[in-house]
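>>> Output the structure for:
(one chain, ligands or ions: 1)
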Amino acid sequence: MNPVQSLLLALPPETAHNLAIGGLGAAHYLPGRVTPLTGAQRPFLGHNLHNPIGLAAGLDKDAQAVLGMARCGFGFVEVGTVTPLAQPGNPQPRLFRLPEHQALINRMGFNNQGMFAMAKRLDAVRNSGRLMSTLLGVNLGKNKDTPNADAASDYLKGMDCLHRYADYFTVNLSSPNTPGLRQLQHGETLHALLSNLKERQLALAGQGSGVPLLLKVAPDLERQEVEQIAAQAVACGFEGIIATNTTLAREAVAGHPHAGESGGLSGAPLTQRSAQVLAQFRSAVPKEFTLVGVGGISDGDDAQKMLKAGANALQIYTSFVYQGPKIVQ
Ligand SMILES: Cc1cc2nc3c(=O)[nH]c(=O)nc-3n(C[C@H](O)[C@H](O)[C@H](O)COP(=O)(O)O)c2cc1C
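Numbers count the residues shown, from 1 in each chain. Alright, predicted model coming up:
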(Lines give C-alpha, C1' and ligand atoms only; values in the text may rest on other atoms or scores of the structure.)
Protein backbone atom coordinates (compact mmCIF):
# COMPACT_ATOMS: atom_id res chain seq x y z
CA MET A 1 0.00 0.00 0.00
CA ASN A 2 1.39 3.43 -0.87
CA PRO A 3 1.94 6.00 1.92
CA VAL A 4 -0.96 8.23 0.84
CA GLN A 5 -3.32 5.27 0.98
CA SER A 6 -2.01 4.26 4.45
CA LEU A 7 -2.48 7.81 5.72
CA LEU A 8 -6.03 8.03 4.39
CA LEU A 9 -6.98 4.71 5.96
CA ALA A 10 -5.61 5.91 9.32
CA LEU A 11 -8.02 8.87 9.32
CA PRO A 12 -11.74 8.77 10.16
CA PRO A 13 -13.57 7.50 7.05
CA GLU A 14 -15.39 10.68 6.09
CA THR A 15 -12.33 12.87 6.69
CA ALA A 16 -10.33 10.58 4.42
CA HIS A 17 -13.09 10.70 1.85
CA ASN A 18 -13.15 14.51 1.80
CA LEU A 19 -9.36 14.71 1.54
CA ALA A 20 -9.30 12.23 -1.33
CA ILE A 21 -12.00 14.14 -3.21
CA GLY A 22 -10.11 17.38 -2.55
CA GLY A 23 -6.87 15.86 -3.86
CA LEU A 24 -8.44 14.33 -6.94
CA GLY A 25 -10.44 17.53 -7.45
CA ALA A 26 -7.19 19.49 -7.68
CA ALA A 27 -6.37 17.47 -10.78
CA HIS A 28 -8.80 19.75 -12.57
CA TYR A 29 -6.02 22.36 -12.59
CA LEU A 30 -3.34 20.07 -14.02
CA PRO A 31 -2.74 20.71 -17.70
CA GLY A 32 -3.32 18.19 -20.44
CA ARG A 33 -5.98 15.94 -21.83
CA VAL A 34 -7.26 13.01 -19.85
CA THR A 35 -7.77 9.60 -21.45
CA PRO A 36 -8.84 6.23 -20.05
CA LEU A 37 -6.55 3.20 -19.87
CA THR A 38 -6.87 1.18 -23.02
CA GLY A 39 -8.13 -2.30 -22.22
CA ALA A 40 -10.74 -4.58 -23.65
CA GLN A 41 -12.69 -2.07 -25.76
CA ARG A 42 -16.38 -2.63 -26.33
CA PRO A 43 -19.50 -0.84 -27.50
CA PHE A 44 -21.45 0.59 -24.58
CA LEU A 45 -24.67 2.57 -24.80
CA GLY A 46 -23.82 3.90 -28.23
CA HIS A 47 -20.22 4.77 -27.36
CA ASN A 48 -16.87 3.04 -27.47
CA LEU A 49 -15.83 2.07 -23.94
CA HIS A 50 -12.02 2.00 -23.75
CA ASN A 51 -11.97 -0.38 -20.79
CA PRO A 52 -14.82 -1.96 -18.84
CA ILE A 53 -13.93 -0.58 -15.37
CA GLY A 54 -16.04 2.30 -14.10
CA LEU A 55 -16.25 4.30 -10.91
CA ALA A 56 -19.51 3.53 -9.09
CA ALA A 57 -21.83 6.27 -7.88
CA GLY A 58 -21.50 7.83 -4.45
CA LEU A 59 -17.78 8.55 -4.36
CA ASP A 60 -17.91 11.76 -6.37
CA LYS A 61 -21.44 12.76 -5.42
CA ASP A 62 -21.06 16.39 -6.53
CA ALA A 63 -18.81 15.93 -9.57
CA GLN A 64 -15.96 17.68 -7.79
CA ALA A 65 -13.26 15.37 -9.07
CA VAL A 66 -14.31 14.12 -12.51
CA LEU A 67 -10.98 14.81 -14.24
CA GLY A 68 -9.03 13.41 -11.28
CA MET A 69 -11.11 10.24 -11.31
CA ALA A 70 -10.72 10.00 -15.08
CA ARG A 71 -6.93 10.29 -14.63
CA CYS A 72 -7.05 7.08 -12.61
CA GLY A 73 -7.81 5.37 -15.93
CA PHE A 74 -11.48 4.46 -15.53
CA GLY A 75 -13.36 3.71 -18.75
CA PHE A 76 -16.32 5.55 -17.27
CA VAL A 77 -17.06 7.63 -14.22
CA GLU A 78 -20.50 7.92 -12.60
CA VAL A 79 -21.18 11.01 -10.49
CA GLY A 80 -24.04 11.51 -7.99
CA THR A 81 -26.40 10.52 -6.57
CA VAL A 82 -27.59 14.07 -7.12
CA THR A 83 -31.01 15.36 -6.06
CA PRO A 84 -32.82 18.49 -7.31
CA LEU A 85 -32.22 20.39 -4.05
CA ALA A 86 -29.09 20.31 -1.95
CA GLN A 87 -29.54 18.25 1.23
CA PRO A 88 -27.26 17.45 4.17
CA GLY A 89 -27.79 13.68 4.39
CA ASN A 90 -27.88 11.80 7.67
CA PRO A 91 -26.06 12.91 10.85
CA GLN A 92 -22.44 11.76 11.24
CA PRO A 93 -21.00 9.24 11.84
CA ARG A 94 -22.57 7.62 8.80
CA LEU A 95 -19.66 5.78 7.16
CA PHE A 96 -17.89 2.82 8.80
CA ARG A 97 -14.91 0.71 7.75
CA LEU A 98 -14.80 -3.04 8.27
CA PRO A 99 -11.25 -3.64 7.01
CA GLU A 100 -11.21 -7.27 8.17
CA HIS A 101 -13.94 -7.85 5.59
CA GLN A 102 -12.70 -5.32 3.01
CA ALA A 103 -16.15 -3.78 3.46
CA LEU A 104 -17.91 -0.53 4.30
CA ILE A 105 -21.26 0.25 5.87
CA ASN A 106 -22.77 3.60 4.93
CA ARG A 107 -25.95 5.51 5.62
CA MET A 108 -24.91 8.76 3.96
CA GLY A 109 -28.48 9.55 2.84
CA PHE A 110 -27.78 11.33 -0.46
CA ASN A 111 -25.78 14.22 1.01
CA ASN A 112 -25.17 16.45 -2.00
CA GLN A 113 -25.09 20.04 -3.20
CA GLY A 114 -28.00 19.68 -5.61
CA MET A 115 -28.33 19.52 -9.37
CA PHE A 116 -27.49 23.16 -10.18
CA ALA A 117 -24.11 22.93 -8.45
CA MET A 118 -23.43 19.74 -10.38
CA ALA A 119 -24.48 21.31 -13.68
CA LYS A 120 -22.00 24.13 -13.13
CA ARG A 121 -19.13 21.70 -12.52
CA LEU A 122 -20.01 19.42 -15.41
CA ASP A 123 -20.29 22.44 -17.67
CA ALA A 124 -16.71 23.36 -16.73
CA VAL A 125 -15.52 19.79 -17.33
CA ARG A 126 -17.18 19.59 -20.76
CA ASN A 127 -16.05 23.09 -21.77
CA SER A 128 -12.46 22.32 -20.77
CA GLY A 129 -12.37 19.87 -23.68
CA ARG A 130 -9.97 17.76 -21.63
CA LEU A 131 -12.14 14.76 -20.87
CA MET A 132 -11.35 12.80 -24.00
CA SER A 133 -13.07 9.43 -24.12
CA THR A 134 -13.90 8.63 -20.50
CA LEU A 135 -17.68 8.27 -20.44
CA LEU A 136 -19.62 10.23 -17.85
CA GLY A 137 -22.71 8.86 -16.10
CA VAL A 138 -24.99 10.93 -13.88
CA ASN A 139 -26.83 9.13 -11.09
CA LEU A 140 -30.17 10.71 -10.19
CA GLY A 141 -32.10 10.48 -6.93
CA LYS A 142 -34.99 12.12 -5.17
CA ASN A 143 -34.86 14.46 -2.20
CA LYS A 144 -35.65 12.92 1.17
CA ASP A 145 -38.60 15.30 1.66
CA THR A 146 -40.20 14.46 -1.69
CA PRO A 147 -42.95 11.90 -1.10
CA ASN A 148 -42.77 8.72 -3.18
CA ALA A 149 -45.95 9.79 -4.99
CA ASP A 150 -44.01 12.75 -6.44
CA ALA A 151 -40.72 10.90 -7.00
CA ALA A 152 -41.00 11.12 -10.80
CA SER A 153 -40.86 14.91 -10.71
CA ASP A 154 -37.48 14.84 -8.93
CA TYR A 155 -35.97 12.44 -11.49
CA LEU A 156 -37.41 14.52 -14.34
CA LYS A 157 -35.89 17.69 -12.90
CA GLY A 158 -32.53 15.94 -12.79
CA MET A 159 -32.85 14.87 -16.43
CA ASP A 160 -33.91 18.34 -17.58
CA CYS A 161 -31.02 20.00 -15.76
CA LEU A 162 -28.21 17.57 -16.57
CA HIS A 163 -28.96 15.86 -19.91
CA ARG A 164 -26.52 18.08 -21.83
CA TYR A 165 -23.60 16.66 -19.86
CA ALA A 166 -24.41 12.98 -19.35
CA ASP A 167 -23.43 10.04 -21.55
CA TYR A 168 -26.03 8.07 -19.56
CA PHE A 169 -28.35 8.53 -16.61
CA THR A 170 -28.74 6.12 -13.74
CA VAL A 171 -32.10 6.12 -12.03
CA ASN A 172 -31.28 5.15 -8.50
CA LEU A 173 -34.17 3.37 -6.80
CA SER A 174 -32.01 1.20 -4.59
CA SER A 175 -30.31 3.25 -1.90
CA PRO A 176 -31.31 1.81 1.48
CA ASN A 177 -30.72 5.21 3.12
CA THR A 178 -33.63 7.23 1.73
CA PRO A 179 -36.73 5.98 3.52
CA GLY A 180 -39.13 4.19 1.17
CA LEU A 181 -36.96 4.59 -1.96
CA ARG A 182 -36.62 0.87 -2.63
CA GLN A 183 -40.44 0.53 -2.69
CA LEU A 184 -40.31 2.33 -6.05
CA GLN A 185 -38.65 -0.77 -7.53
CA HIS A 186 -41.94 -2.64 -7.61
CA GLY A 187 -45.20 -3.12 -9.49
CA GLU A 188 -47.30 -0.42 -11.07
CA THR A 189 -45.29 2.31 -9.30
CA LEU A 190 -42.17 1.19 -11.14
CA HIS A 191 -43.96 0.97 -14.47
CA ALA A 192 -45.44 4.46 -14.14
CA LEU A 193 -42.11 5.97 -13.08
CA LEU A 194 -40.00 4.35 -15.82
CA SER A 195 -42.54 5.21 -18.54
CA ASN A 196 -42.59 8.79 -17.40
CA LEU A 197 -38.80 9.07 -17.56
CA LYS A 198 -38.64 7.36 -20.95
CA GLU A 199 -41.14 9.85 -22.33
CA ARG A 200 -38.98 12.74 -21.11
CA GLN A 201 -35.84 11.15 -22.56
CA LEU A 202 -37.47 11.11 -26.00
CA ALA A 203 -38.79 14.65 -25.62
CA LEU A 204 -35.36 15.97 -24.63
CA ALA A 205 -33.70 14.12 -27.50
CA GLY A 206 -35.78 15.75 -30.25
CA GLN A 207 -34.57 14.09 -33.44
CA GLY A 208 -31.49 12.66 -31.69
CA SER A 209 -31.09 9.42 -29.81
CA GLY A 210 -31.44 10.63 -26.21
CA VAL A 211 -29.36 10.01 -23.11
CA PRO A 212 -29.57 6.28 -22.27
CA LEU A 213 -31.44 5.41 -19.07
CA LEU A 214 -30.15 2.76 -16.68
CA LEU A 215 -31.96 1.53 -13.60
CA LYS A 216 -29.88 0.77 -10.49
CA VAL A 217 -31.24 -2.04 -8.34
CA ALA A 218 -30.67 -3.53 -4.90
CA PRO A 219 -29.10 -6.93 -4.28
CA ASP A 220 -31.85 -7.74 -1.77
CA LEU A 221 -34.36 -9.01 -4.33
CA GLU A 222 -36.13 -12.34 -4.72
CA ARG A 223 -35.78 -14.04 -8.09
CA GLN A 224 -39.39 -13.23 -8.94
CA GLU A 225 -38.74 -9.55 -8.21
CA VAL A 226 -35.69 -9.63 -10.47
CA GLU A 227 -37.85 -11.00 -13.28
CA GLN A 228 -40.55 -8.39 -12.74
CA ILE A 229 -38.07 -5.50 -12.65
CA ALA A 230 -36.26 -6.80 -15.76
CA ALA A 231 -39.56 -7.09 -17.65
CA GLN A 232 -40.60 -3.55 -16.68
CA ALA A 233 -37.25 -2.01 -17.59
CA VAL A 234 -37.30 -3.68 -21.00
CA ALA A 235 -40.98 -2.90 -21.63
CA CYS A 236 -40.47 0.77 -20.74
CA GLY A 237 -37.54 1.08 -23.14
CA PHE A 238 -34.77 1.52 -20.58
CA GLU A 239 -31.34 0.89 -22.06
CA GLY A 240 -29.81 -0.98 -19.13
CA ILE A 241 -29.64 -2.04 -15.49
CA ILE A 242 -26.90 -1.58 -12.91
CA ALA A 243 -26.77 -4.42 -10.40
CA THR A 244 -26.21 -3.88 -7.55
CA ASN A 245 -26.34 -1.24 -4.86
CA THR A 246 -25.36 -2.02 -1.23
CA THR A 247 -27.07 -4.74 0.84
CA LEU A 248 -29.05 -4.71 4.06
CA ALA A 249 -27.83 -8.25 4.81
CA ARG A 250 -25.27 -8.64 7.59
CA GLU A 251 -24.63 -12.42 7.80
CA ALA A 252 -21.21 -12.09 6.18
CA VAL A 253 -19.99 -9.60 8.80
CA ALA A 254 -21.84 -10.96 11.86
CA GLY A 255 -19.93 -10.32 15.07
CA HIS A 256 -18.05 -7.30 13.74
CA PRO A 257 -18.34 -4.27 16.06
CA HIS A 258 -19.90 -2.24 13.22
CA ALA A 259 -22.19 -5.02 11.95
CA GLY A 260 -25.15 -3.50 13.77
CA GLU A 261 -24.85 -0.08 12.11
CA SER A 262 -27.82 0.65 9.92
CA GLY A 263 -27.22 1.37 6.24
CA GLY A 264 -25.88 -0.49 3.23
CA LEU A 265 -22.99 -2.95 3.28
CA SER A 266 -20.56 -2.89 0.34
CA GLY A 267 -17.30 -4.55 -0.64
CA ALA A 268 -16.10 -8.15 -0.51
CA PRO A 269 -19.16 -9.57 1.36
CA LEU A 270 -21.26 -8.52 -1.65
CA THR A 271 -19.19 -10.16 -4.41
CA GLN A 272 -21.14 -13.40 -4.77
CA ARG A 273 -24.58 -11.93 -4.24
CA SER A 274 -24.13 -9.14 -6.78
CA ALA A 275 -22.83 -11.57 -9.42
CA GLN A 276 -25.76 -13.88 -8.71
CA VAL A 277 -28.31 -11.07 -9.09
CA LEU A 278 -26.58 -9.88 -12.26
CA ALA A 279 -26.75 -13.40 -13.72
CA GLN A 280 -30.46 -13.53 -12.90
CA PHE A 281 -30.98 -10.25 -14.75
CA ARG A 282 -28.96 -11.53 -17.71
CA SER A 283 -31.24 -14.51 -18.08
CA ALA A 284 -34.29 -12.23 -17.91
CA VAL A 285 -33.38 -9.59 -20.53
CA PRO A 286 -32.65 -9.63 -24.29
CA LYS A 287 -29.04 -10.25 -25.34
CA GLU A 288 -28.44 -6.67 -26.47
CA PHE A 289 -29.71 -5.14 -23.20
CA THR A 290 -26.87 -3.49 -21.25
CA LEU A 291 -25.98 -4.75 -17.78
CA VAL A 292 -23.41 -3.12 -15.49
CA GLY A 293 -22.08 -5.32 -12.70
CA VAL A 294 -21.10 -3.77 -9.39
CA GLY A 295 -20.65 -5.09 -5.87
CA GLY A 296 -17.52 -6.40 -4.21
CA ILE A 297 -15.25 -6.43 -7.26
CA SER A 298 -11.78 -6.35 -5.68
CA ASP A 299 -9.46 -7.92 -8.25
CA GLY A 300 -9.19 -9.30 -11.76
CA ASP A 301 -10.80 -12.59 -10.76
CA ASP A 302 -13.91 -10.90 -9.38
CA ALA A 303 -14.07 -8.78 -12.52
CA GLN A 304 -13.87 -11.85 -14.76
CA LYS A 305 -16.60 -13.57 -12.78
CA MET A 306 -18.91 -10.58 -13.12
CA LEU A 307 -18.24 -10.44 -16.87
CA LYS A 308 -18.96 -14.17 -17.10
CA ALA A 309 -22.20 -13.62 -15.21
CA GLY A 310 -23.23 -11.44 -18.13
CA ALA A 311 -22.05 -7.90 -17.40
CA ASN A 312 -21.13 -5.59 -20.30
CA ALA A 313 -19.20 -3.28 -17.98
CA LEU A 314 -18.21 -3.11 -14.31
CA GLN A 315 -18.02 -0.57 -11.51
CA ILE A 316 -16.07 -0.40 -8.27
CA TYR A 317 -16.27 1.69 -5.12
CA THR A 318 -15.16 -0.08 -1.92
CA SER A 319 -12.06 -1.74 -3.39
CA PHE A 320 -10.98 1.68 -4.73
CA VAL A 321 -11.21 3.00 -1.16
CA TYR A 322 -9.06 0.19 0.27
CA GLN A 323 -6.60 -0.29 -2.60
CA GLY A 324 -6.41 3.15 -4.18
CA PRO A 325 -6.25 4.13 -7.85
CA LYS A 326 -3.82 1.36 -8.86
CA ILE A 327 -6.71 -1.11 -8.71
CA VAL A 328 -8.10 0.34 -11.94
CA GLN A 329 -5.09 -1.00 -13.80
C1 LIG B 1 -20.04 5.45 1.05
C2 LIG B 1 -20.88 4.98 -0.09
C3 LIG B 1 -21.77 5.85 -0.71
C4 LIG B 1 -22.56 5.42 -1.78
N5 LIG B 1 -23.40 6.29 -2.37
C6 LIG B 1 -24.13 5.91 -3.45
C7 LIG B 1 -24.96 6.82 -4.12
O8 LIG B 1 -25.03 8.00 -3.79
N9 LIG B 1 -25.68 6.37 -5.18
C10 LIG B 1 -25.61 5.07 -5.62
O11 LIG B 1 -26.28 4.70 -6.59
N12 LIG B 1 -24.80 4.17 -5.00
C13 LIG B 1 -24.07 4.57 -3.94
N14 LIG B 1 -23.24 3.66 -3.32
C15 LIG B 1 -23.22 2.27 -3.81
C16 LIG B 1 -22.07 2.00 -4.78
O17 LIG B 1 -22.22 2.77 -5.95
C18 LIG B 1 -22.03 0.50 -5.16
O19 LIG B 1 -23.22 0.17 -5.84
C20 LIG B 1 -21.90 -0.41 -3.95
O21 LIG B 1 -21.04 0.16 -2.98
C22 LIG B 1 -21.37 -1.80 -4.32
O23 LIG B 1 -20.10 -1.69 -4.93
P24 LIG B 1 -18.70 -1.94 -4.14
O25 LIG B 1 -18.85 -3.22 -3.38
O26 LIG B 1 -17.67 -1.96 -5.20
O27 LIG B 1 -18.56 -0.79 -3.20
C28 LIG B 1 -22.45 4.07 -2.25
C29 LIG B 1 -21.54 3.21 -1.63
C30 LIG B 1 -20.75 3.64 -0.58
C31 LIG B 1 -19.79 2.69 0.05
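>>> Show me which residues of the stretch 1-150 of the chain are close to the ligand?
Contact residues, the stretch 1-150 of the chain versus the ligand (CB under 6 Å from any ligand atom): 56-58, 61, 81, 95, 104, 106, 108, 110, 139. The way it works is simple: take the backbone N, C-alpha and C, and place the C-beta from them, glycine included.
>>> switch the cut-off to 5 Å
Within the stretch 1-150 of the chain, the positions lying close to the ligand (CB under 5 Å from any ligand atom) are 56-58, 81, 104, 106, 139.
>>> how deep is the residue in the stretch 1-150 of the chain that the ligand sits nearest to tucked in, by neighbour count?
The ligand sits closest to residue 58 of the stretch 1-150 of the chain, with a gap of 2.1 Å, by CB to the nearest ligand atom. Other residues near residue 58 number 23, with proximity taken as other CB atoms under 10 Å.
>>> what does residue 222 give?
Should you count by other CB under 10 Å, residue 222 turns out to have 9 residues around it.
>>> Tell me how far it lies from the ligand.
Computed as CB to the nearest ligand atom, to the nearest Å, the residue 222 to the ligand distance reads 19 Å.
>>> which ones are touching that residue?
By CB atoms under 8 Å, 6 or more residues apart in numbering, the contact set of residue 222 is empty.
>>> show me where the stretch 101-250 of the chain has strands.
Applying DSSP state E, counting those that start in this stretch to the stretch 101-250 of the chain gives strands spanning 103-106, 135-140, 168-172, 213-217, 240-243.
>>> Reduced to three states, what does the residue of the stretch 1-150 of the chain closest to the ligand come out as?
coil (DSSP: H, G, I helix; E, B strand; the rest coil).
>>> Then the one 5 residues further on?
For residue 63, the reduced secondary structure class is coil; criterion used: three-state DSSP.
>>> Look through the stretch 151-300 of the chain and state the residue closest to the ligand.
For the stretch 151-300 of the chain, CB to the nearest ligand atom, closest residue to the ligand: residue 266, 3.2 Å.
>>> Now the phi/psi pair for that residue, please.
Phi and psi for residue 266, reported as degrees, to the nearest 10, are phi -130, psi 170.
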